[in-house]
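Peer 1: please find the sequence and the predicted model below.
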Amino acid sequence: MRMPSSTSTALDWTASAVFRFLLAASILFLILPVLVSVVLSFDDRQFLGPFPPKQFSLRWYRSFLDNPAYLDGLIVSLKLAVLSTVISTVAGACAAYVISSGRWRGRDTVETLFLSPKFVPTVVIGFSILGFASAIQVFDPFTRLIMGHVVITIPFTVRATLASLVGIRRSLVEAAISLGAPPWRAFLDVTLPLARTGIVAGALMAFVLSFDEVAVSLFLSDAFTQTLPIALVAEMRANLNLTVAAVSTVFAAVTILIVFFLDRAIGLDRVIGQGLYRG
Amino acid sequence: MNSAGLDLVNVVKRFGDHAAVDGASLSVKGGEIVALLGPSGCGKTTTLRLVAGFEKPDGGSIAIGGADIARLPPYRRDIGLVFQDYALFPHLTVAANIDYGMKQRGIAKAEQDRRRGELLRLVRLEGLGERRPMALSGGQQQRVALARALAISPKLLLLDEPLSNLDAKLRETLRIELRDILRVVGTTTLVVTHDQTEAIGLADRIALMNKGRIVQVGTAREIYQEPATRFVAEFIGQSIWFSGQLRQGTGRAEFAADDGPVFPLAAPANVRPGSGLSIRPEHVHLPPRPDDVIRIPASVTNVEFFGAELIVSCRLASGRVIRIPIRSDDRVIPGAGANVELGVSPDRCRVVADD
Amino acid sequence: MRQPRLSAFQCALLAPGAILLAVLLVAPIALMAVESFRPFVGGRVGAGAGWTLRNYTELIEPAYAFYFYDTFRIGFIVSAIALLLATPLAWQAARTKRRAVRVSIFGLLIGLLFMSLVARLYAIQMTWGTNGPLAFFGTLIGVPARSAGYAAIQVAIGLLHFVVPMSAIILIGTFQNISPRLEEAAASLGAPRWRVALTVTLPLAAPGLLSAFMIAFAMCISNFVVPLILGRGVVLFTTNLMYVRFSDVANFPSGAAIGVIMFALAGLVIYFMTQLVRWVSPEAQS
């Protein structure tokens, strides 16, 4: 063993200090804004004053509930998210099942097609669907929104399902078939239950993505059919008031619930370990 | 038992240019246990998948009980399949795993319960029905897989490398156990394996497969004593191989090895071009026995001690070294460097095709 | 290689998704590409007749090229800082022996991914904006929060908040795949910790760091919401330019040309990313 020299020790100390500083900075950077906005959402002042507030109330939550634009937006967003999640989960999970079933001619092309919307900028998707919708005479904003949201969510449901299908050995399906189950039966009895966590995780991501989407929605909605994020963005651009803070706080609370649910259902280790989010 | 025979006639399966199964023929009688034995890549697993219906043959016919099954999808073949990795459904209990095939056949619940109980008793897993497969040991999992395959009362049972996933110590006991269960059940069984002890221990007959063909079928003893080809001689047991020429000697045929020795043959050999001579090492005697007509001069290069047995390495005149086993008794073994004579009896020499 | 065809059952399962994507992704983008060569006729929605390259050539003019420059410049700086912030987080999560620490970091990262970006951007505006408790940061680096230049800082902060969690999650995978035994081996050979990090961990993590950077970069330059909300109209990305072309001027062909270029750029970034990762770690090819 060689005794570490004093420069090495000093460098080690510096390196670890820099590491700790960056770690703390990173965590603070990520959390602080959320905390500030949560605190501000309970501000009793009628205007946007300096931080921190002196008096607290629920006025901004009431103001959210009193504003029909928000509630309408919330209903549109929920309908949109549920519908596009169902479509993209069913289509995506089925496609992922076929993609993962061994090698076949054209498989790589099909897989690329299904994952590609992730790499296409959302504005391009929104813009191109808008042009296409008017070319095929679709002017209903809700239909257009569904079209756009299905496209942007499909890669997530495909990917999450693929990740869980990889773990299912081919012999399990063959075992079911050799025991007398036709392929569709083996799919229902073996593949589907074993891929369930992946499918659910994909659906959850699709829902969240759709619920929060701005770029695509901005192109495809109109003045009468607005999603909640669009309404919020309009509000933020028009005048800064704290109603949005109240909404943000509700979002943060829902997010914590989702994370808690994910940890209980799958385990956060597996959510990240499974590569559900990897590029 | 509703066991039927299995007949493969000239079965061919190609993957691209490569023929994985290249005209394989095999006949298994009803109730018989046959091992399909061969090195990895010889086409035995493909053969199993062809019989099970997971691959479509490019030629030949596969029949169970005399009826061609080529048109039947795998789920209508009534074949019990035990996978190498057992393929137990991890999300179902042991009982539900065993019931699965019976459910597909619409067998009444009461009958399912009765049959499952019977099978769990047979594989000695009573009381474990409610466990998940992952909670069982490797040996227990294998027996669940067997019970599941038997639950559908298959016409034919296929076992894919049944013992390869178990550790060496367990393998010995489980092989005996598995053999006893198979004997009790009496279903026609095809065991695919690359392990000759597994094949010899489980099967009534062994079918040796090489390069997509069935090379020889017979009992272990038949195959060991009368190997059909050089591959068989060297795959089952050990073999000392001499290449050379077959010619007419004084009175009877003899084999002149390229290495020097000339072997007079006991019986007229079925000679093909490219034949050679195979001798089991234990039939080479040191010192020669009285009826060992063939004498081969050699010099000892090394002696290794293995307890009950010694291995003596001998250099022939040609310079080639052969290793022969000798019972370690009170005999005096010549040390390294000694010049000796090795003895072989003509009826131990087998002229076989060099493949 | 054997590549069998699909069964009817498999085709039936594949069909809904394939048809959806053909109709909702491939066809619209193809149509957009065609439209981008159409001349713009003022005063009407949609394109005129005939063909032109003008929608592309006008983008080379400095006034427009500047949007591209701004987008790439901010994207590049943000991706670099994101790597700096994400690495310690990912390292801590991947190497800590305490489950509570790991799960907390995982929870934070996943939570941020699931939390509405609009809500997060709003929170950033409240925190870093003119009235926010962190507004002094601008003065600290010489760009006061009230100055016009601060918009770019705010956009950068917003993008960082967006890409740091994503980068950290990619890097967790990278670090988890590097065996701690290697670092221990280096340490046992007498290397101090900083040298281990520099000579063992960093080279092994290089492909992961590179792809995290590239993904962050791709996400930044294709982002739309962050400049929209935090850019105060001063900082516009190409994405915003595209929206403006369509919503304010109704110049559909010009927007289409920008869309085609962005689509091509996204493809290029992905292509370079795979090439670069392949170049850094040749063994990853197989």
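Peer 2: Structure received.
Peer 1: residues in contact with residue B:234?
Peer 2: B:241, B:278 (C-beta atoms under 8 Å, 6 or more residues apart in numbering or on different chains). Placement of C-beta: from N, CA and C, glycine included.
Peer 1: whichever strand or helix holds it: how far from the chain's middle?
Peer 2: Per DSSP states H and E: residue B:234 is located in helix B:230-235. Distance, stretch centre to chain centre, for helix B:230-235: 12 Å (C-alpha atoms, centre = their mean, to the nearest Å).
Peer 1: show me what residue of the stretch 201-350 of chain B gets nearest to chain A.
Peer 2: Using C-beta to the nearest C-beta, the single residue of the stretch 201-350 of chain B nearest to chain A is residue B:202, 20.1 Å away.
Peer 1: surely that residue touches residue B:33?
Peer 2: Yes - using C-beta atoms under 8 Å, residue B:202 is in contact with residue B:33, at 6.3 Å.
Peer 1: not counting sequence-adjacent ones, nearest residue to residue B:325?
Peer 2: Spatial nearest neighbour of residue B:325, chain neighbours left out: residue B:309 (5.1 Å); criterion: C-beta to C-beta, 6 or more residues apart in numbering or on different chains.
Peer 1: wait, the one you found sits on residue B:327?
Peer 2: Yes - shown here, residue B:309 and residue B:327 form a contact pair, counting by C-beta under 8 Å, at 6.5 Å.
Peer 1: if we can go back for a sec, which residues does the residue nearest to residue B:325 contact?
Peer 2: B:325, B:326, B:327, B:328.
Peer 1: point out where chain B drops to low pLDDT.
Peer 2: Along chain B, segments meeting pLDDT under 70 span B:1-2, B:249, B:251, B:267-273, B:330-331.
Peer 1: identify, by residue count, the longest strand of it.
Peer 2: Ranked by residue count under DSSP state E, the longest strand found in chain B is strand B:294-306.
Peer 1: quick check: next helix or strand after it?
Peer 2: Assigned by DSSP H and E, the successor of strand B:294-306 is strand B:309-316.
Peer 1: in that following strand, what's buried?
Peer 2: B:310, B:312, B:313, B:314, B:316 (16 or more other C-beta atoms under 10 Å in any protein chain shown).
Peer 1: repeat that for stretch A:215-234.
Peer 2: In terms of neighbour count (16+ other C-beta under 10 Å), stretch A:215-234 has its buried residues at A:215-221, A:225-233.
Peer 1: also stretch C:244-255?
Peer 2: So, applying 16+ other C-beta under 10 Å, buried residues of stretch C:244-255: C:244, C:245, C:246, C:250, C:251, C:252, C:253, C:254, C:255.
Peer 1: is it true that the third one touches residue C:255?
Peer 2: Yes - Residue C:246 is within contact range of residue C:255, at 4.4 Å (criterion: C-beta under 8 Å).
Peer 1: what do the two both touch?
Peer 2: By C-beta under 8 Å, 6+ apart, the residues touching both residue C:246 and residue C:255 are residue A:127.
Peer 1: any idea which element residue C:164 lies in?
Peer 2: Residue C:164 belongs to helix C:150-176, assigned by DSSP H and E.
Peer 1: now the element after that helix, going C-ward?
Peer 2: Proceeding N to C from helix C:150-176, the next assigned helix or strand is helix C:180-188, under DSSP H and E.
Peer 1: my guess is residue B:244 contacts residue B:265. True?
Peer 2: No - judged on C-beta under 8 Å, residue B:244 makes no contact with residue B:265 at a distance of 12.0 Å.
Peer 1: now do the shared contacts for these two.
Peer 2: With C-beta under 8 Å, 6+ apart, residue B:244 and residue B:265 have common neighbours residue B:255.
Peer 1: what parts of the stretch 101-250 of chain B come near chain A?
Peer 2: Applying C-beta under 8 Å from any C-beta of the partner chain, one finds that the stretch 101-250 of chain B approaches chain A through B:101, B:104, B:105, B:148, B:149, B:152.
Peer 1: list the buried ones in the lengthiest helix in chain B?
Peer 2: In chain B, with assignment by DSSP state H, the single longest helix is helix B:168-185. Going by neighbour count (16+ other C-beta under 10 Å), the buried part of helix B:168-185 is B:171, B:174, B:175, B:178, B:181, B:182, B:185.
Peer 1: can you give me the helices for chain A?
Peer 2: A:6-41, A:59-66, A:68-100, A:107-115, A:122-135, A:141-166, A:170-178, A:183-186, A:192-212, A:215-220, A:228-238, A:243-265, A:268-273.
Peer 1: oh sorry, the question was meant for chain B
Peer 2: B:44-52, B:94-104, B:109-122, B:138-151, B:168-185, B:196-202, B:220-225, B:230-235.
Peer 1: any chance of the ones you listed in CSV with distance to residue A:86 as columns?
Peer 2: Shown next, in CSV, are the helices of chain B (distance: least, C-beta to C-beta, whole Å):
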stretch, distance to residue A:86
helix B:44-52, 37
helix B:94-104, 30
helix B:109-122, 35
helix B:138-151, 36
helix B:168-185, 48
helix B:196-202, 51
helix B:220-225, 61
helix B:230-235, 58
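Peer 1: is stretch A:213-233 in proximity to chain C?
Peer 2: Yes - residues of stretch A:213-233 contacting chain C under C-beta under 8 Å from any C-beta: A:214, A:215, A:218, A:219, A:229, A:232, A:233.
Peer 1: my guess is residue A:133 contacts residue A:146. True?
Peer 2: No - using C-beta under 8 Å as the test, residue A:133 is too far from residue A:146 to be in contact (10.7 Å).
Peer 1: doesn't residue C:231 make contact with residue C:240?
Peer 2: Yes - Residue C:240 is within contact range of residue C:231, at 7.1 Å (criterion: C-beta under 8 Å).
Peer 1: more crowded one of the two?
Peer 2: residue C:240 (22 against 19; other C-beta atoms under 10 Å in any protein chain shown).
Peer 1: surely the more buried one is in a strand?
Peer 2: No - applying DSSP: H, G, I helix; E, B strand; the rest coil, one finds residue C:240 to be helix, outside a strand.
Peer 1: chain neighbours aside, what residue packs nearest to it?
Peer 2: residue C:227 (5.3 Å).
Peer 1: look up phi and psi at that neighbour.
Peer 2: phi -60, psi -30 (degrees, to the nearest 10).
Peer 1: just the pLDDT at it, thanks.
Peer 2: pLDDT recorded at residue C:227 is 93.
Peer 1: mind listing what it touches?
Peer 2: The contact partners of residue C:227, by C-beta under 8 Å, 6+ apart, come to C:155, C:235, C:236, C:237, C:239, C:240.
Peer 1: if you set the cut-off to 6 Å instead, what comes out?
Peer 2: By C-beta atoms under 6 Å, 6 or more residues apart in numbering or on different chains, the residues touching residue C:227 are C:155, C:235, C:236, C:237, C:240.
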